[in-house]
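Asker: Just a sequence and a predicted model for now, questions to come.
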Protein chains: 2
Amino acid sequence: MKDFTFVNPTRIEFGASKEERIGDYINEFALKKVLIVYGSERIKTNGLFARVAHSLEVQGIAFVELGGVKSNPVLSKVKEGIELARQAQVDGVLAIGGGSVLDTAKAIAAGSLYQGEVWDLFSGTEIKAALPIFSIMTLAASGSEMNPGAVITKEETAEKFFIHHSLLFPKVSVINPELQNTVSKEYLVYSASDIITHSLEAYFTAKERPELVNLLVEANIKTVIRTTNTLLAEPNNTQARGEFAWAATLALNGSTLVGIEGFSYPNHMLEHAMSAVTDIPHGAGLSIVLPAWMQWYHKQNPEAFTRFAREIFGEQTAIAGIESLKAWYEQIGTPTSLSQAGIDEATLEQIFKTLERDTYSWGLNEIYTPAVIREIFAYAK
Amino acid sequence: MKDFTFVNPTRIEFGASKEERIGDYINEFALKKVLIVYGSERIKTNGLFARVAHSLEVQGIAFVELGGVKSNPVLSKVKEGIELARQAQVDGVLAIGGGSVLDTAKAIAAGSLYQGEVWDLFSGTEIKAALPIFSIMTLAASGSEMNPGAVITKEETAEKFFIHHSLLFPKVSVINPELQNTVSKEYLVYSASDIITHSLEAYFTAKERPELVNLLVEANIKTVIRTTNTLLAEPNNTQARGEFAWAATLALNGSTLVGIEGFSYPNHMLEHAMSAVTDIPHGAGLSIVLPAWMQWYHKQNPEAFTRFAREIFGEQTAIAGIESLKAWYEQIGTPTSLSQAGIDEATLEQIFKTLERDTYSWGLNEIYTPAVIREIFAYAK
């Protein structure tokens, strides 16, 4: 095993009605006023916002609001939040939503205590301070609820970059599976694709992986496949919803990265360019990119790919494993080709241009040359 | 999944030579003087103590020492440490050793800030404060390096009781697998038995377990069996040593207890009485108790036992799974019967008496009646 440091201080409050105690959780940190960040107004009509507001009021915690965060969250919304956070002098940020909302909240938490342009923090300037962050998750996918990362797109330049700092671990994240029962089938399957890709990036690219980590990753993927199938048939199966949500958390909370050596995130690099250019949902972009990338890459790590085929799909060859994954994506209804997603040649050229610019910032420019990237996307046509 | 709260703030520093940076880690917490707790004097002769002392000195951290902690750690040693910690006015505790040393250090950390008798904290009085705790692990078994529990024996009464409080999470625990290469084969296999029992108590006794948790537990057990076999043949296999150590940590850091309902620790209850009376190493006691308990209990949870048999040993029946575990214990050389451990009838009667007194404090007195306990131990003759 390679040397590692593991620490994850986020507290998870998992279970029915836990969002009604968010005021208590925030009060433990002696906060007086928070910025609530959210996406659609649905949380106003379905009662969630009111329950949260009541819980805060009981503890004497004031709040201001920033709604309208969209998937593939954007820098302009972060800046709006920073301004609001400063004006209202909040001392914490509470996200109610999925990964996009929480990522926006994290960027606001760091940006509002930084004197310069917040985009600096996405371009190499170290984060030195951040407001405490809390979350109530209404979508399970990103793992953001138990990690210190966030991804934001700068609209003008279609740069989809990330920040990562221990100050960005949420203090407390609430996962109430029942809040996620109303997630659309579409977003459920995009989420499944996202979690599976989080699990597989290091599994396939690492030079060395301890067997124990392989087993943990495979446990997670098996769980996502099983519970997705269950939830498509029974959206109100809270047991499956809970396991799905916890698999999402484990896939990116650091526990599957211990002791592994030399891994990278090529699929996320490729997809970030796609969604920055086209605004395709992240998980839908990943279900197109991952099988294509696997077809291009598998000969570089045959051991991992035949193992994946065997353990996840009971298949004997790398190719059969890749085909099984693709078939399952098609079965559940997440796209596996550019055409299915309506991405035409002209748009693809824009994606290539974006990647030509961005591979360097991922440290992957030497492997992912323009020619290689064209080769990978050719598998996705 | 049952509701749960999960938080584990301990930082793990895993890898070669990490003990040489212990001064830096402790310095991050601005401590000035620590109590070093350890077991045998071997760490003085093999250079480990000197490396740690040097690392502390470089950071200007003073220290006092308490050596001589034995396995099945005792209250008198804790009291000695509390007195020393108070006299020397230390502001932290550093354990160098295995679970017994760290448990002693935890009890000292809490006891030295408690005005009354430290045993009160083992008998229901809530812990309100504790010195910050650090550890350098020379034995992997207890999981104490990443959890907030500790077990201590009061010699006069042979009460082996535990404390558990979030203040007792170590701040930083160092796991350098190379430091564990010199663990004797005897203690390696006792440790394997300990880790497996930690993994299985809830697996067998919980009323409800999410499938994802089953998979994580099985991943851990498979890893322990595989790496134990490797290490018996190649004690210096640092890769296997590392995976073994990490499996020990995961088995009791809370990650395999999420979302499960209604579990208990009967094997630990039974073994604690054994080791309190006889001073048998904890893992050796567990390898006697667990297969016996499994034979007595398996019909109460046939699903879990047939699953265990199938997933861990490729067997089809509960009984075949139990026999396979027992056979593996015998193969690696940890005892599976009372006679192998030299426990005679008279001693067994003492164990029964101790249990008759202690089952209540485990909340298990209604199930584990004197007759039931005799029945279980009859399987271990």
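Answerer: That came through fine. Computed from a prediction, not measured in an experiment: that's the story for all the values here.

Asker: in the stretch 251-381 of chain A, which spans are strands?
Answerer: For the stretch 251-381 of chain A, strands defined by DSSP state E, counting those that start in this stretch do not occur.

Asker: Near chain B, which residues of it are found?
Answerer: For the stretch 251-381 of chain A, the residues in contact with chain B (CB under 8 Å from any CB of the partner chain) are A:255, A:258-259. (Each C-beta comes from the backbone N, C-alpha and C, glycine too.)

Asker: Now neighbour count, distance to residue A:128 and pLDDT too, for those, in CSV please.
Answerer: Compiled in CSV, those are given as follows (neighbours: other CB atoms under 10 Å in any protein chain shown; distance: CB to CB, whole Å; pLDDT from 0 to 100):
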residue, neighbour count, distance to residue A:128, pLDDT
A:255, 20, 27, 96
A:258, 21, 27, 96
A:259, 22, 30, 95
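
Asker: Of the residues you listed, which is the nearest to residue B:264?
Answerer: The nearest member of these to residue B:264, counting by CB to CB, is residue A:255 at 25.9 Å.

Asker: now that closest one: how far from residue B:352?
Answerer: Between residue A:255 and residue B:352 the computed distance is 42 Å (CB to CB, to the nearest Å).

Asker: again with residue A:297
Answerer: 62 Å.

Asker: just residue A:58 next, same as before
Answerer: The gap separating residue A:58 from residue B:352 is 52 Å, by CB to CB.

Asker: Who has more neighbours out of the two?
Answerer: Neighbours were counted for residue A:58 and for residue B:352 using other CB atoms under 10 Å in any protein chain shown; residue B:352 has more, 16 against 13.

Asker: excluding its backbone neighbours, what's nearest residue A:145?
Answerer: Distance criterion CB to CB, 6 or more residues apart in numbering or on different chains; nearest residue to residue A:145, sequence neighbours excluded, is residue A:173 at 3.8 Å.

Asker: and stretch A:64-82, how far out from the chain's middle?
Answerer: Mean C-alpha position of stretch A:64-82 versus that of the full chain (CA atoms, centre = their mean, to the nearest Å) differs by 17 Å.

Asker: And it, what's buried?
Answerer: Neighbour counts over stretch A:64-82 (16 or more other CB atoms under 10 Å in any protein chain shown) mark A:65-67, A:69, A:71-75, A:77-82 as buried.

Asker: which pair in those spans the largest distance?
Answerer: The span of the buried residues of stretch A:64-82, defined through CB to CB, is set by A:65 and A:72 at 21.2 Å.

Asker: What's the local residue count around the closest residue to residue A:337 other than its chain neighbours?
Answerer: Nearest non-adjacent residue to residue A:337, counting by CB to CB, 6+ apart: residue A:380, 5.6 Å away. When neighbours are defined as other CB under 10 Å, residue A:380 has 25 of them.

Asker: who's in contact with residue A:380?
Answerer: A:288-289, A:291-292, A:336-338 (CB atoms under 8 Å, 6 or more residues apart in numbering or on different chains).

Asker: Show me the residues you listed that map onto helices.
Answerer: Residues of the contacts of residue A:380 located in helices (DSSP state H): A:288-289, A:291-292.

Asker: Relative to chain B, which of these is nearest.
Answerer: Chain B has its nearest neighbour among the ones in helices among the contacts of residue A:380 in residue A:291, at 24.2 Å by CB to the nearest CB.

Asker: can you tell me which residues contact that closest one?
Answerer: By CB under 8 Å, 6+ apart, the residues touching residue A:291 are A:322, A:325-326, A:329, A:336, A:379-380.

Asker: can you pull the pLDDT of it?
Answerer: Note on residue A:291: pLDDT of 98.

Asker: ok, now how distant is the closest residue to it other than its chain neighbours from residue A:215?
Answerer: Excluding its sequence neighbours, the residue lying closest to residue A:291 (CB to CB, 6+ apart) is residue A:326, at 4.3 Å. The gap separating residue A:326 from residue A:215 is 24 Å, by CB to CB.
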